[in-house]
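1. compute the structure for the input listed below.
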Amino acid sequence: VGLITTSVTYYYRRKDDLAAACLMRTIDAYQGLIAEAATRPDPAARLTAFIAGYFDLLADIAEGRGPALMNFFDIRSLTGAAVDPAFSAFNQMFRNLRGLMRPAPERPAFPQPEENARVHLTLSMILWARTWAERYDPMDYPRIAARMSDILIHGLAPSAAWAPTAIAWSLPPVEDS
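-> All right, here's what the predicted structure looks like:
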């Protein structure tokens, strides 16, 4: 990064301390997006605002206006005193994102395992978006965010009725030997 090692080790004695600080900054960025989205009136509007804010953040990163975010997979590599605060902050962020998808903060729309699955899906979608979004111009990010929100809220083919026809088949006769 163009820094002298001692200038980094002055603030972060161990690599884990630096990694934890970067993870906490990433979690704080997500918490900011969640807090902004929480001002919207309903779950669909909140999810749309969260994803739009995320793509705005990606645009800032792509255009050099903001620092890169860490991947949450890296949290598993932490050791020592940095583990508990990082996992605690991540869990709180997860709960806050789950709260965005509720009609009211105190009233779940789905059983908790289903809510958790929806949050995992949302996080997976946006985490992978970092990988493929680089192929697009940042000015296209709002359109991408709108499409991703639409897919998460309405599904891939919401108006298509799925009515598969039964396959007519039978087992071949068994010959006696």
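2. tell me who's in contact with the residue nearest to the spatial centre of the chain.
-> Centroid-nearest residue in the chain: residue 123, 2.0 Å away (criterion: C-alpha atoms, centre = their mean). Residues counted as contacts of residue 123 (C-beta atoms under 8 Å, 6 or more residues apart in numbering) are 72, 94, 97. C-betas here are computed from N, CA, C, even on glycine.
3. check what pLDDT it gets.
-> pLDDT for residue 123: 93.
4. from residue 41, how far off is it?
-> Look at residue 123 and residue 41: by C-beta to C-beta, to the nearest Å, they are 23 Å apart.
5. same check, this time on residue 15
-> According to C-beta to C-beta, residue 15 and residue 41 sit 44 Å apart.
6. which one's more surrounded, those two?
-> residue 15 (14 against 7; other C-beta atoms under 10 Å).
7. helices of the protein, residue ranges please.
-> Here the chain has its helices, by DSSP state H, at 5-9, 15-37, 43-62, 83-100, 112-133, 141-154.
8. for the third one, the distance to its chain's centre please.
-> Mean C-alpha position of helix 43-62 versus that of the full chain (C-alpha atoms, centre = their mean, to the nearest Å) differs by 10 Å.
9. okay, angle between that helix and helix 15-37 too, please.
-> Helix 43-62 and helix 15-37 are oriented at 130 degrees to each other (axes from the mean of the first three to the mean of the last three C-alpha atoms, to 10 degrees).
10. how far off helix 112-133 does helix 43-62 point, in degrees?
-> If you take the same axes, to 10 degrees, helix 43-62 sits at 30 degrees to helix 112-133.
11. buried residues in helix 43-62?
-> Neighbour-count burial for helix 43-62 flags 43, 46-59, 61-62 (criterion: 16 or more other C-beta atoms under 10 Å).
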